[in-house]
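> No letters, just coordinates:
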């Protein structure tokens, strides 16, 4: 029997896909090394594959934070999805992980449950470590990539071919890592509430993220890829690959983290090596969005629970 309460999870997945696809192919599309149409198709396919193959670990992490009934799960996902959609309209890359955790925190406050501050604290530490990891991995990988390319004496056409395929493959890996890590943000709390099996949650979550990629991802894709720091083809490849490594590592230990934070950290790492001028106004807006996201999501969740439950 169809459970209508999972629709808010589908909406959250769509919101995630429309926002976070920018993190895996935004740099490639912005540097015009990969077509937007090619990017969204590859991104959608490998998000679903990553969610199905490696999404299970994160489900139990989020579902263990706070006990929720079916109505609370519906409201938590709806509030998180509305928050992410609002930020997407503003063309800001935000953290769906922060949105759903903010919603879960809101459920705890509204229902009078004790909050597991230790678990929340561990998540926050991981959030802080995500952009830092992306930053340093990108710096090291860009330095190595530049040394290797300089030693090969490639002509223009060989370099162009190599970079295009590098961007496609790194985008595929990034998409897979996004699905593996972030599907728990979409349907993890449904598993905890006994509303979906792990297999159902993986498939529904992956497909809903893919739908967001296919329909509403273009504007945010340009913000990360071009708005923060201008990148060359090598820099774009390194940024996407570095962020994918960080996100995939967290997926292995079942911690859903922000792909937005990972890619922004990686882009900044490449920018430091290239000595490129950073758009600090854009960076400040992104940081504001990161701080606002869990607060807004928690607030909306509390308001909805008080109004409707």
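Perfect, thanks for sending it. Bear in mind the structure is a predicted one, so any value in this text is a computation, not a measurement. Residues are numbered from 1 along each chain as shown.
> Show me which residues of stretch 140-149 are buried.
141, 142, 145 (16 or more other CB atoms under 10 Å). (Glycine included, C-beta is placed from N, CA and C.)
> repeat for stretch 279-288
For stretch 279-288, the neighbour count (16+ other CB under 10 Å) marks 279, 282, 283, 285, 286 as buried.
> got it, and stretch 55-75?
Neighbour-count burial for stretch 55-75 flags 55-59, 61-63, 65-66, 68, 72-75 (criterion: 16+ other CB under 10 Å).
> Next: stretch 195-206.
Buried residues in stretch 195-206, counted by 16+ other CB under 10 Å: 195, 196, 201, 202, 203, 204, 205, 206.
> out of everything not next to it in sequence, what's closest to residue 290?
Closest residue to residue 290 apart from its sequence neighbours, by CB to CB, 6 or more residues apart in numbering: residue 95 at 6.1 Å.
> List the residues that contact that neighbour.
By CB atoms under 8 Å, 6 or more residues apart in numbering, the contact list for residue 95 reads 127, 257, 258, 260, 261, 290, 293.
> and if we set it to 7 Å?
Contact partners of residue 95, counting by CB atoms under 7 Å, 6 or more residues apart in numbering, are 258, 260, 261, 290, 293.
> from those, which ones fall inside helices?
Among the contacts of residue 95, DSSP state H puts 260, 261, 290, 293 in helices.
> which residues sit in contact with residue 10?
Counting by CB under 7 Å, 6+ apart, residue 10 has contacts 204, 208.
> quick one: what helix or strand has it in it?
Applying DSSP states H and E as the criterion places residue 10 in helix 7-20.
> For that helix, list every residue counted as buried.
Residues of helix 7-20 classed as buried by neighbour count (16+ other CB under 10 Å): 8-20.
> Format the residues you listed as CSV; extra columns: distance to residue 161.
As requested, the buried residues of helix 7-20 are exported to CSV (distance: CB to CB, whole Å):
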residue, distance to residue 161
8, 45
9, 41
10, 39
11, 40
12, 39
13, 35
14, 35
15, 36
16, 33
17, 30
18, 31
19, 31
20, 28
